[in-house]
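Student: structure here, sequence nowhere to be found:
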């Protein structure tokens, strides 16, 4: 490896005892997070993403495997000796300290000179836009402000990596969206590696350079947001990220026959499962021409969702396909419930996935 | 009617307080200024010298009570804090059982518990008798009737009142806040000193109040475990009232004790009030 990764996990396993039985929370994760990267661990609750992060922070000891920070094995190093800092889910600010003392805590523990502490705390409070609120107590601040104190308290130490455990979970939607952009800006400004744990796919897609989608203690797919969304590697990823239609069957000559229609698939023959995103599908009343996947069905439900309509279309074999269609100015193909329609999409929008 | 409901619900407790606290206090305040004797009766003479006389005669016992109360409170703090800490952070699923064990002695009467301590510590009792006969302890060794015995008894009897409020305060400390301290390079000692201890100080404050006041005023431990040189102010008040039937002196002493404790608590709260303590700890 030419460049040292900021964080490396080498076949890391975390087991614990629950009612006398060994349970694996993390079942062997190997990944490298590059310097300056915005990396997300995305998955449903209980998938092991928080445990993985806590092993990087040092709060959990891996049962097996190695954790490296900048090439150095830190598996047995306690959290107070690791050069990473964490932003906790509920912020975990020190309730008895002012904003200033909260932010200065790490620097004081490291015996940084007074003068430098004053300068660095002042600087970071400016970055997170909290200048003038130094004397406030955490409980006198709003959720968004507490969030920024937590961020400043970690960033002021200039850690090698910043670990964020669902930091926006407690905020309302508007604030969360604003903070997503804010976080991305701060990350660019300070140039520190961010590891972001979340169950919110939108958040992960918006901010990340790369995402590891986790399920049941394993990484299902590790790729950039676009690839994760456009080319889900497994049925789990396809289902977890956005809405997805799954079509399965036996292909013959590159064609999968589904409910009276034909779906073009990459595999020539044999058992195959493909996914297609709802917004890639076109609804029409006539059978489309050309080299496209085309399936007939009946509109079972139309839901108006503002910027787009969502159609549920039943196929002859009972399967249901979701289609999104934008509410463009010339939206003329709007189908009604009960209409017989054709669904079509281009060959490259069907992705074969592992089962 | 609905608007009056909360007041009506509070009425019984106000009446209770009125009848059983305010009235006796007023009566005692009046008695403390009377002169006379038990046979001919007492009459109000606004004799403020009752106070100066009582204080002049019994100030050694009063000071001793404050000293014993303070020593016992200190001992309870030293013993109780680690116990509270252990139950709160290491108690796991058995927390409630440990708390129950802590309160178990309360199922035996206070006086009886102190008397059994007397048995245990007796010069030739179950503990020291055998040790003396084996020659482990010198024949003249004794614990009973010493300052140590009285302070020890006070410490034992009031210890749970120190542990419980500290436990409650520690229990409320968010474990993630402690993790945050470790994450920000604090050692175990630093995390305790800068985060856990300051956050538990409200409990320490409550525990000290709940133990210092009753320990200082307690007559039972000095009577059962102490000797003639360990008499506390509670014993004097009891004797004056029940044996000598000198009600004015007993009342004057009671009010003096109350005033001293109230002033002490007020200064303590002012100097070590929760906000101030937290403020200081954050430095």
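Tutor: Thanks, I have it. Note that the structure is a prediction, hence the values are computed from the model and not measured.

Student: residues of chain B that sit close to chain A?
Tutor: B:174, B:176-177, B:179-187, B:190, B:194-195, B:198-199, B:278, B:281-283 (C-beta under 8 Å from any C-beta of the partner chain). (C-beta placed from N, C-alpha, C; glycine too.)

Student: show the buried residues in those.
Tutor: Neighbour counting by 16 or more other C-beta atoms under 10 Å in any protein chain shown classes B:174, B:176-177, B:179-186, B:190, B:194-195, B:198-199, B:278, B:281-282 among the residues of chain B next to chain A as buried.

Student: what about those residues, which are in helices?
Tutor: Judged by DSSP state H, those include B:176-177, B:179-183, B:190, B:198-199, B:278, B:281 as members of helices.

Student: any chance of those in a markdown table, plus distance to residue B:19 and pLDDT?
Tutor: Below are those laid out as a markdown table (distance: C-beta to C-beta, whole Å; pLDDT from 0 to 100):
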| residue | distance to residue B:19 | pLDDT |
| --- | --- | --- |
| B:176 | 49 | 93 |
| B:177 | 46 | 95 |
| B:179 | 52 | 95 |
| B:180 | 52 | 96 |
| B:181 | 51 | 96 |
| B:182 | 55 | 96 |
| B:183 | 57 | 95 |
| B:190 | 54 | 95 |
| B:198 | 42 | 91 |
| B:199 | 41 | 91 |
| B:278 | 40 | 53 |
| B:281 | 43 | 51 |
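
Student: can I get the residues you listed in TSV with distance to residue B:40?
Tutor: Listed next are these as TSV, based on distance: C-beta to C-beta, whole Å:
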residue	distance to residue B:40
B:176	71
B:177	67
B:179	73
B:180	72
B:181	70
B:182	74
B:183	77
B:190	70
B:198	60
B:199	60
B:278	58
B:281	60
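
Student: quick one: which of the residues you listed is nearest residue B:160?
Tutor: Checking these against residue B:160 by C-beta to C-beta gives residue B:199 as the nearest, at 21.5 Å.

Student: strands of the stretch 1-150 of chain B, start to end?
Tutor: In the stretch 1-150 of chain B, the segments counted as strands under DSSP state E, counting those that start in this stretch are B:34-37, B:41-44.

Student: buried stuff in the last one?
Tutor: Of the residues in strand B:41-44, those buried by neighbour count under the rule 16+ other C-beta under 10 Å are residue B:42.

Student: tell me the residue of the stretch 1-150 of chain B that sits nearest chain A?
Tutor: residue B:93 (11.9 Å; C-beta to the nearest C-beta).

Student: as a markdown table, the strands of the stretch 1-150 of chain B with mean pLDDT would be great.
Tutor: Output for the strands of the stretch 1-150 of chain B, formatted as a markdown table (pLDDT from 0 to 100):
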| stretch | mean pLDDT |
| --- | --- |
| strand B:34-37 | 90 |
| strand B:41-44 | 89 |
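
Student: how is chain A divided into domains?
Tutor: A:7-236, A:245-352 (automatic domain parsing).

Student: what would those domains look like in CSV with distance to residue B:65 and mean pLDDT?
Tutor: Converted to CSV, the domains of chain A look like this (distance: least, C-beta to C-beta, whole Å; pLDDT from 0 to 100):
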stretch, distance to residue B:65, mean pLDDT
domain A:7-236, 34, 92
domain A:245-352, 77, 85
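
Student: how about these in JSON lines, adding distance to residue B:268?
Tutor: Shown next, in JSON lines, are the domains of chain A (distance: least, C-beta to C-beta, whole Å):
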{"stretch": "domain A:7-236", "distance to residue B:268": "19"}
{"stretch": "domain A:245-352", "distance to residue B:268": "63"}
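
Student: out of those, deepest packed?
Tutor: domain A:7-236 (a mean of 19; mean count of other C-beta atoms under 10 Å in any protein chain shown).

Student: how about the residue sitting nearest the centre point of chain A, secondary structure?
Tutor: The residue lying closest to the centre of chain A (C-alpha atoms, centre = their mean) is residue A:204, at 3.3 Å. With DSSP: H, G, I helix; E, B strand; the rest coil as the basis, residue A:204 sits in helix.

Student: can I assume it is in contact with residue A:198?
Tutor: Yes: with contact defined as C-beta atoms under 8 Å, residue A:204 counts as touching residue A:198 (5.5 Å).

Student: roughly how far out does stretch A:158-178 sit from the chain middle?
Tutor: Centroid separation between stretch A:158-178 and its chain, computed with C-alpha atoms, centre = their mean, to the nearest Å, is 12 Å.
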